[in-house]
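Q: Here is a sequence together with a model predicted from it:
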Amino acid sequence: MTYRPYNEEDLIPLSALQHLLFCERQCALIHIEQAWAENMLTAEGKIMHERVDSSSSESRGKIRIESSVPLRSLRLGLVGKADIVEFHKRDSQWHPFPVEYKRGAPKINNCDKVQLCAQAICLEEMLNVSITSGALFYGSTRRREDVDFNQSLRSETEEAALRVHELIEGGITPEPVKGKHCKSCSLVEICMPDVCGISGKVSQYLNRIVNDLEAGS
């Protein structure tokens, strides 16, 4: 896959990859329409990240820990921050190991892994190094899950970066697709999947309400 280098003004927040793989409509609402809303889940996640993102550093033996590390990739057109980057010393070299904090539980799909892999790709480009793995820390399990940055995950990450640029540059918000993910989405009231989703049209939705009212009268 061939990439054109992006300009600074074309860089997209790295978090957009996670939004895209969670729901393309959510991604468009946030990054095209600039819509945002908090719910309990996003608030808890924000608190967790604030605790981690202290812009501090510390050392533990052969591990140096840096928080809130700025990230950028002109190749993928992404910009953002890593919650934590651990630098593991082996021989005389320091090897980056990104760690992303999530408030929930491990996902069925790869949205969290893709976000972490994108952080690794940014660090590789910035530091001219090779990074083989990182970790996701989930608040609900209080455990770290190691992630191998294999070629399959790298390809999925690069394809997601290309797709998110196409989505945002296109400027069109996709129609909603109602699913289980809607229950945890903070934008469900803005998205209105019941009105515009699979059941589809506003007229059908209104007709269903009228029929329910007539049946109850």
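A: Everything's here; your move.
Q: Where do the helices of the protein begin and end?
A: Here the chain has its helices, by DSSP state H, at 16-22, 24-31, 40-52, 111-127, 151-170, 188-191, 193-196, 202-216.
Q: rank those by mean pLDDT and give me the bottom one.
A: Within the helices of the chain, the stretch with the lowest mean pLDDT is helix 40-52, showing a mean of 50.
Q: Could you list the domains of this structure?
A: For the chain, the structural domains run 8-174, 176-217, going by automatic domain parsing.
Q: What is the longest strand of this structure by residue count?
A: Looking across the chain with DSSP state E, the single longest strand is strand 78-90.
Q: Rounded mean pLDDT for that one, please.
A: For strand 78-90, the per-residue pLDDT averages 95.
Q: who does it pair up with?
A: Using DSSP bridges, strand 78-90 pairs in its sheet with strand 12-13 (parallel), strand 63-73 (antiparallel), strand 93-102 (antiparallel).
Q: what sits up against the second one?
A: Spelled out, that is strand 63-73. 11, 14, 52-59, 78-89, 94, 118-119, 121-123, 125-126 (CB atoms under 8 Å, 6 or more residues apart in numbering). Where C-beta positions appear, they are placed from N, C-alpha and C, glycine not excepted.
Q: ok, and for that strand, which residues are buried?
A: R64, S67, S68, V69, L71, R72, S73 (16 or more other CB atoms under 10 Å).
Q: Pull out the C-alpha coordinates of that strand and format them as CSV.
A: The C-alpha trace of strand 63-73 is given here as CSV (Å, rounded to 0.1, in the frame of the first residue of the first chain):
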residue,chain,number,x,y,z
ILE,A,63,12.5,0.6,32.9
ARG,A,64,11.9,4.3,32.3
ILE,A,65,8.3,5.5,32.3
GLU,A,66,7.1,8.6,30.4
SER,A,67,3.5,9.8,30.4
SER,A,68,1.5,11.9,28.0
VAL,A,69,4.0,11.4,25.2
PRO,A,70,3.3,13.4,22.0
LEU,A,71,2.9,11.3,18.9
ARG,A,72,2.8,12.1,15.2
SER,A,73,3.0,10.2,11.9
